[in-house]
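Engineer: just need the structure, nothing else, for what follows:
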Amino acid sequence: MQFRQQALAKLQSPEELDLPVRLARPQGWLALGVTVVVMAAASVWAVTGSVTSTVSAQAVLTHGQGSYVLQSPVSGQVTGVLAEQGRRLPANAPVLKVRTAQGTSVVRTVAAGRVTTLAATIGQIIRTGTDVAAVEKVAHASDPLYATVYVPAENAAAIPAHASVDLTVSSVPSERYGVLRGRVKSVDRTVQSAQSISAFLGDTQLGEQFTRKGRPVAVLVELDRSGTARSGYRWSTAGGPPYRLDSMTLASASVRLTDQRPVDWLLP
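Structural biologist: Sure, this is the predicted structure:
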């Protein structure tokens, strides 16, 4: 009833009919303007922007060509260890002396490299095919390091060529020296078994460790070089650690995947 009386009062006052009608308050226009601007910016970003994602995986620093496990071609007793762990040897270099029923035999390297593990000791009885050493395939001290990253197989297809990679090296305090920089050199599309990883790295334990959550794909990462850093490689900090890196050092990697357009997942 009160509303009806107010309406009749308006009709009885014709001098107020020509007053402008206020559709909205200034605060309302401001809110509407801000909403329109935000929606326009979101629409532009959805069409032209991209979402960056990464995948984390285990990695190891190597010299790119991997390692091999040296096995004894004879059975007998080890009478001499002729190589030292950590030493680089040429191909066909003597590693062990073994006394057999036919006389003394020498176990030699198959290819040039650095002895990373010596598994035989003087007096040990070994059989044909026994693992006696692991040799990393590196001929010169100046050969560059690479990182082999074992990425889950379901993420391999999303890794673009030359994707950036950040490596947290286990022997380097990341809170002080940051992360090691690199870029994807190649992606092996074949899944790796524990045996294939062990054969490449010359370490059975690493083969089991890298396949604990499934068979991964090997991604070879070329490390960014630096002429001023003591390590010889580029880090997220100014100079990185004041020492050189060793091969067969473990690391954790963050690999940048292909950027995704927001419109791809905003629209069905």
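
Engineer: which residues of this structure score low on pLDDT?
Structural biologist: For the chain, the stretches flagged by pLDDT under 70 are 1-34, 37-38, 40-52, 258-268.

Engineer: residue boundaries of the helices in it?
Structural biologist: In order along the chain, the chain carries the following helices (DSSP state H): 2-11, 26-48, 174-177, 194-201, 204-210, 262-266.

Engineer: which elements pack onto the fifth one?
Structural biologist: If contacts are counted by 3 or more C-beta pairs under 8 Å, 6 or more residues apart in numbering; DSSP states H and E, helix 204-210 sits against strand 54-62, helix 194-201. In this view, the C-beta of every residue, glycine as well, is placed from N, C-alpha and C.

Engineer: could you list the buried residues of it?
Structural biologist: For helix 204-210, a neighbour-count test (16 or more other C-beta atoms under 10 Å) marks 204, 206-207, 209-210 as buried.

Engineer: out of these, who's nearest A141?
Structural biologist: When the buried residues of helix 204-210 are compared for distance to A141, the smallest value, 23.2 Å, is given by L206; criterion: C-beta to C-beta.

Engineer: am I right that that closest one is in contact with A199?
Structural biologist: No. In terms of C-beta atoms under 8 Å, L206 does not count as a neighbour of A199; the distance is 10.8 Å.

Engineer: hmm, T204 is touching S196, no?
Structural biologist: No. In this structure T204 lies outside contact range of S196 using C-beta under 8 Å: 11.8 Å.

Engineer: can I get the longest strand along the chain in PDB, CA atoms only?
Structural biologist: Selection of the longest strand in the chain by residue count, based on DSSP state E, yields strand 180-191. What follows is the C-alpha trace of strand 180-191 in PDB, where atoms were taken according to Å, rounded to 0.1, in the frame of the first residue of the first chain:
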ATOM      1  CA  LEU A 180      73.700 -26.100 -12.800                       C
ATOM      2  CA  ARG A 181      72.300 -24.900 -16.200                       C
ATOM      3  CA  GLY A 182      71.900 -27.000 -19.300                       C
ATOM      4  CA  ARG A 183      69.800 -27.800 -22.400                       C
ATOM      5  CA  VAL A 184      68.400 -31.000 -23.800                       C
ATOM      6  CA  LYS A 185      70.600 -32.400 -26.500                       C
ATOM      7  CA  SER A 186      68.700 -35.600 -27.300                       C
ATOM      8  CA  VAL A 187      65.800 -37.700 -26.100                       C
ATOM      9  CA  ASP A 188      66.000 -41.500 -26.400                       C
ATOM     10  CA  ARG A 189      62.400 -42.500 -27.100                       C
ATOM     11  CA  THR A 190      63.100 -46.100 -26.000                       C
ATOM     12  CA  VAL A 191      62.300 -47.000 -22.400                       C
END
